[in-house]
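Enquirer: Turn this into a structure:
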Amino acid sequence: GAVVRRLVAEGRHVVTLARRGKARLEDGTEVADHVQVDLLDASAARARLGDRADITEIVYAGYTERETMAATVAPNVAMLRHVLEAVHASPSELRQVVLIGGGKSYGEHLGVYKTPAKESDPRFLGPIFYNDQEDLLHEDAERHGYAWTVLRPDAVIGLSFGSPMNMLTGVAVYAGVCRHLGVPLRFPGTLKAWSALHQATDASIIAGAVHWALESAAACGEVFNVTNGDHFRWQHLWPEIGAFFGMETAPPQPMSLAEHMADKDGVWDDIVARHRLRPEPMENVAAWPFVDGWFSMEADMVQSTIKIRQAGFADCLDTHESFIGNLARLRELSIIP
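Expert: Below is the predicted model of the structure:
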């Protein structure tokens, strides 16, 4: 949503692609030019894009979840390939692609990794679909003669409609349930994660980086880490989250939210009714295994952003302000209590 809004504000005509219909911006308004298509279906992608002559740039951030890292490779590479092939087969003349990757390129999801991580660091063993997507992009760009840029944000914070893999809504739903049941807000992650350094990338920062990459010659043919530019520890942020919800906090209590929230669907429904929230079931706003994964990140998460700053993009944002500001926006939109 933030990327689309930024590009539209800059006067670009934006076409969105998604399996679901009615693509929406951060404020819930629908995108005027939306193509509903399952990108896993190559023939469907060609059919839906085949007659378009107006696609000159692609910002690709598609993702489909699977049960293992190895299983994510084939479908996620296939979706990118199907988009590229469909555009090449159309009357459009593709000039540039910005591919959105992530911190898992450095193996941060495996535990301790070399920090600060730099774009020049060697790859780890894998599997990791980001590598395969980048290889596909490099080969396709060389074959068809367009420019490319890879952006690697980490732990994206922002509004998201229809995507439960969102730390912001996960934290908010957990806090809302705790408050509704009259228990203090306890950090549910591990004690090492409580004090480790973490980082995040506000959706507005990604939007700015995408716009910069589409406009700057210095971005062509390069990979860039992009984060808010600071780091945080849950032990310092947690009291501010508690204050936002008007809750008392208590010492951490490590637990699996996937297990402990499994019977709380009815509680969330009661919260939605009491606060007149948008009628979304819990499974649509919080993916607990995803939230558990971040709350168990015990190693420092530190990506160097010196390369993108030296290339000309220097936007930054205080991550505490990012969390609280985005939570406030979710409340304004009646998504969280």
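Enquirer: Pull up the distance across stretch 89-97, start to finish.
Expert: In terms of C-alpha to C-alpha, to the nearest Å, the two terminal residues of stretch 89-97 are separated by 16 Å.
Enquirer: same deal with stretch 248-256?
Expert: Counting by C-alpha to C-alpha, you get 21 Å between the two ends of stretch 248-256.
Enquirer: buried ones in that stretch?
Expert: Buried residues in stretch 248-256, counted by 16 or more other C-beta atoms under 10 Å: 249, 252. All C-beta atoms are positioned from the backbone trio N, CA, C, and that covers glycine.
Enquirer: model confidence over that stretch, on average?
Expert: The predicted model assigns stretch 248-256 a mean pLDDT of 98.
Enquirer: Correct me if wrong: residue 268 contacts residue 172.
Expert: No: between residue 268 and residue 172 there is no contact under C-beta atoms under 8 Å: 10.9 Å.
Enquirer: What segments of the stretch 201-337 of the chain are helices?
Expert: Ranges of helices in the stretch 201-337 of the chain, per DSSP state H, counting those that start in this stretch, are 203-215, 234-244, 257-260, 265-275, 282-285, 288-295, 306-311, 319-332.
Enquirer: okay, these, which one's buried deepest?
Expert: Mean neighbour counts were compared across the helices of the stretch 201-337 of the chain using mean count of other C-beta atoms under 10 Å; the top stretch is helix 203-215, at a mean of 22.
Enquirer: returning to that earlier point: joint contacts of residue 268 and residue 172?
Expert: With contacts defined as C-beta atoms under 8 Å, 6 or more residues apart in numbering, no residue is shared by residue 268 and residue 172.
Enquirer: Any stretches of the stretch 151-300 of the chain with poor pLDDT?
Expert: Within the stretch 151-300 of the chain, the set of residues satisfying pLDDT under 70 comprises 161-162.
Enquirer: do that again at 80, thanks
Expert: Counting by pLDDT under 80, the ranges of the stretch 151-300 of the chain that qualify are 160-164.
Enquirer: could I get the helices of the stretch 201-337 of the chain as a markdown table with distance to residue 60?
Expert: A markdown table is the format used below for the helices of the stretch 201-337 of the chain (distance: least, C-beta to C-beta, whole Å):
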| stretch | distance to residue 60 |
| --- | --- |
| helix 203-215 | 11 |
| helix 234-244 | 31 |
| helix 257-260 | 29 |
| helix 265-275 | 33 |
| helix 282-285 | 24 |
| helix 288-295 | 21 |
| helix 306-311 | 18 |
| helix 319-332 | 24 |
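Enquirer: Among the ones you listed, which comes closest to residue 191?
Expert: Ranking the helices of the stretch 201-337 of the chain by their distance to residue 191 (criterion: C-beta to C-beta) puts helix 234-244 first, at 9.7 Å.
Enquirer: just the angle between that closest one and helix 288-295, please?
Expert: With axes from the mean of the first three to the mean of the last three C-alpha atoms, to 10 degrees as the criterion, the two stretches helix 234-244 and helix 288-295 enclose an angle of 130 degrees.
Enquirer: Now find how far off-centre helix 234-244 is within its chain.
Expert: Going by C-alpha atoms, centre = their mean, to the nearest Å, the spacing between the C-alpha centre of helix 234-244 and its chain's C-alpha centre is 22 Å.
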